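**Student:** structure, please.
(4 chains)
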There are 2 protein chains.
Amino acid sequence: MTNPLIDHIRKFVTLDETTSADVISRFKLQKIRKKTRLLEEGDRCRHMHFVTKGCLRLFFLKQNGTQQTTQFALENWWLSDFNAFAAHGVASFSVDAVEPSEVLSIDAQGLEKLLADVPQLEKYFRLIHQKANGAAQRRVRFLYELSREEMYTNFITSYPEFCQRIPQYLLASFLGITPEYLSEIRRKALLKPV
Amino acid sequence: MTNPLIDHIRKFVTLDETTSADVISRFKLQKIRKKTRLLEEGDRCRHMHFVTKGCLRLFFLKQNGTQQTTQFALENWWLSDFNAFAAHGVASFSVDAVEPSEVLSIDAQGLEKLLADVPQLEKYFRLIHQKANGAAQRRVRFLYELSREEMYTNFITSYPEFCQRIPQYLLASFLGITPEYLSEIRRKALLKPV
DNA sequence: CGGATCGTTGATCAACTTCAACGGTCGTGG
DNA sequence: CCACGACCGTTGAAGTTGATCAACGATCCG
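**Tutor:** Residues are numbered from 1 along each chain as shown, chains lettered A, B, ... in the order given. Reported below is the predicted structural model:
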């Protein structure tokens, strides 16, 4: 069986063929268009999503009405409002698609049952969340350490191809700056290297 | 058996008496003084720590030489540089004690063996990391959403007793502002409510 | 062709930092 | 027990970073 999620799980734990087929059958495959909302801030958060193609984003609405992007999820990443998901509570974030995407989704009861039936996955999800937790620590570090200009140069050198894929206003939103200021940074960056 | 860690684990999974005793025996109990370093940025990160008494902090050194605190861990919280711990790699954070504290520590091999011997704990750690991951998402949200002044008023109203326990320069470091500016904020806050 | 959306530019403004200096407090050694 | 020094919190002036607002050009899409 070849499936992006199974491949990903197998990087962490072993899974035989029949179990793999069972696992996959528990997920709902969604092919979604750009800008499709998978979660709306204020609604109950019921699903975790695994991205097999495309890109999702996590964002919230600031007081001034603009969207603030806090995470992108590319292929092989899990995304949800994890607090709200765990507590079966109301989401403080929205999720939508940055590009046409394919995701595998599972709700809380489905996940609970899956973990009861296939206990090796406890380990898989433990490792996934541990990794995400570590990534969040480094993320917070960058937010404290770097000026917005440094965040920009750091981000485009780390993920040049990804920056080509997304519109500039989304990059500005992720960096936490206004599109105007991003423009200014880019102009300065163009002048320097000459 | 009564032990803070066992009590905490039992909030998430069931554990019989003999297993509990076994679990506890895998951990090293450390009673440490204020300012004791449990992890040094640049050293290999070998342990995860569970706080049973007191308070730990996670921080790193900024270019200008000042310490930037990114997390506090009170009773019943786990703390480590989770990326470095998982990868058996070099830490990008330091950890020390804010107060005289007691922690239960375990290294990577010890944890691996513990999880192999007591598989219920996979679920416990999955839930712990999921919760921490959700907390990190909200943390990032606050960093983007609030001005430093709002962060201050939000934090002291949320954790008034904790703010009494720590010196002001640590609070400033956690909020990501200079002690001077924190002083100014406090002065303004004093004038307003009269 | 027409309208919305996106990126850019420049001027003004608010948030926060840096630096230098001073007073209070606490712990330590004489 | 006192005195000294280190450290902490505060104040004020000047400087930086990044936001806001208004306006304009370009591009994309119907």
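**Student:** show me what the residue nearest in space to the middle of chain A is bridged to.
**Tutor:** A centroid search over chain A (C-alpha atoms, centre = their mean) returns A:A73, at 2.6 Å, as the residue closest to the centre. For A:A73, the beta-bridge partners under DSSP bridges are A:L56.
**Student:** isn't A:E75 up against A:T52?
**Tutor:** Yes: the pair A:E75 and A:T52 passes the contact test of C-beta atoms under 8 Å, sitting 6.5 Å apart. Backbone N, C-alpha and C define where each C-beta goes, glycine included.
**Student:** now the helix or strand encompassing A:N133: buried residues?
**Tutor:** Element membership of A:N133, judged by DSSP states H and E, is helix A:120-145. Residues of helix A:120-145 classed as buried: A:120-141, A:143-145 (neighbour count, 16 or more other C-beta atoms under 10 Å in any protein chain shown).
**Student:** restrict these to contacts with DNA strand C.
**Tutor:** Among the buried residues of helix A:120-145, not one lies near DNA strand C by C-beta under 7 Å from any atom of the strand.
**Student:** tell me how many other residues surround A:Q67.
**Tutor:** 15 (other C-beta atoms under 10 Å in any protein chain shown).
**Student:** should've said A:L190
**Tutor:** 9.
**Student:** any idea how far B:L15 is from it?
**Tutor:** According to C-beta to C-beta, to the nearest Å, A:L190 and B:L15 sit 61 Å apart.
**Student:** for the residue in chain A positioned nearest to DNA strand C, what are its contacts?
**Tutor:** Residue nearest to DNA strand C within chain A (C-beta to the nearest atom of the strand): A:Q168, separated by 2.9 Å. The contact partners of A:Q168, by C-beta atoms under 8 Å, 6 or more residues apart in numbering or on different chains, come to A:179, A:182.
**Student:** quick check: phi and psi at it.
**Tutor:** Main-chain dihedrals, A:Q168, degrees, to the nearest 10: phi -70, psi -30.
**Student:** how about the strands in chain A?
**Tutor:** A:28-32, A:37-39, A:47-53, A:56-61, A:67-73, A:78-79, A:94-97, A:101-107 (DSSP state E).
**Student:** packing partners for the second one?
**Tutor:** Think strand A:37-39. With contacts taken as 3 or more C-beta pairs under 8 Å, 6 or more residues apart in numbering or on different chains; DSSP states H and E, strand A:37-39 sits against strand A:47-53, strand A:94-97.
**Student:** one more pass at 7 Å, please.
**Tutor:** When contacts are defined as 3 or more C-beta pairs under 7 Å, 6 or more residues apart in numbering or on different chains; DSSP states H and E, strand A:37-39 packs onto strand A:94-97.
**Student:** pull the residues that contact the strand it packs on.
**Tutor:** A:32-41, A:54, A:56-60, A:79 (C-beta atoms under 7 Å, 6 or more residues apart in numbering or on different chains).
**Student:** how much space separates A:L170 from chain B?
**Tutor:** Distance, A:L170 to chain B, using C-beta to the nearest C-beta, to the nearest Å: 14 Å.
**Student:** quick one: contacts for that residue?
**Tutor:** A:69, A:98.
**Student:** distance check, it against A:T178.
**Tutor:** 13 Å.
**Student:** equivalent analysis for A:Q120, please.
**Tutor:** 47 Å.
**Student:** which residue packs closest to A:I9, ignoring adjacent ones?
**Tutor:** Using C-beta to C-beta, 6 or more residues apart in numbering or on different chains and skipping the chain neighbours, the partner closest in space to A:I9 is A:Y124 (5.3 Å).
**Student:** ditto for A:R148
**Tutor:** A:I177 (4.8 Å).
**Student:** surely A:F60 touches A:A84?
**Tutor:** No: applying C-beta atoms under 7 Å, one finds A:F60 not in contact with A:A84, separated by 11.8 Å.
**Student:** the two: which is more packed in?
**Tutor:** Neighbours of A:F60 and A:A84, each counted by other C-beta under 10 Å, are more numerous for A:A84; the result is 22 against 18.
**Student:** how much space between the more buried one and A:L175?
**Tutor:** 25 Å.
**Student:** one more: A:M48?
**Tutor:** 26 Å.
**Student:** and these two? which has more neighbours close in?
**Tutor:** Per other C-beta under 10 Å, whichever of A:M48 and A:L175 has more neighbours is A:M48, with 24 against 21.
**Student:** so that one makes contact with A:A84?
**Tutor:** No: using C-beta under 7 Å, A:M48 is not in contact with A:A84, being 10.8 Å away.
**Student:** the spatially closest residue to A:L146 that is not a sequence neighbour: neighbouring residues, count only.
**Tutor:** Spatial nearest neighbour of A:L146, excluding adjacent residues (C-beta to C-beta, 6+ apart): A:N154 at 6.3 Å. A:N154 is flanked by 14 other residues according to other C-beta under 10 Å.
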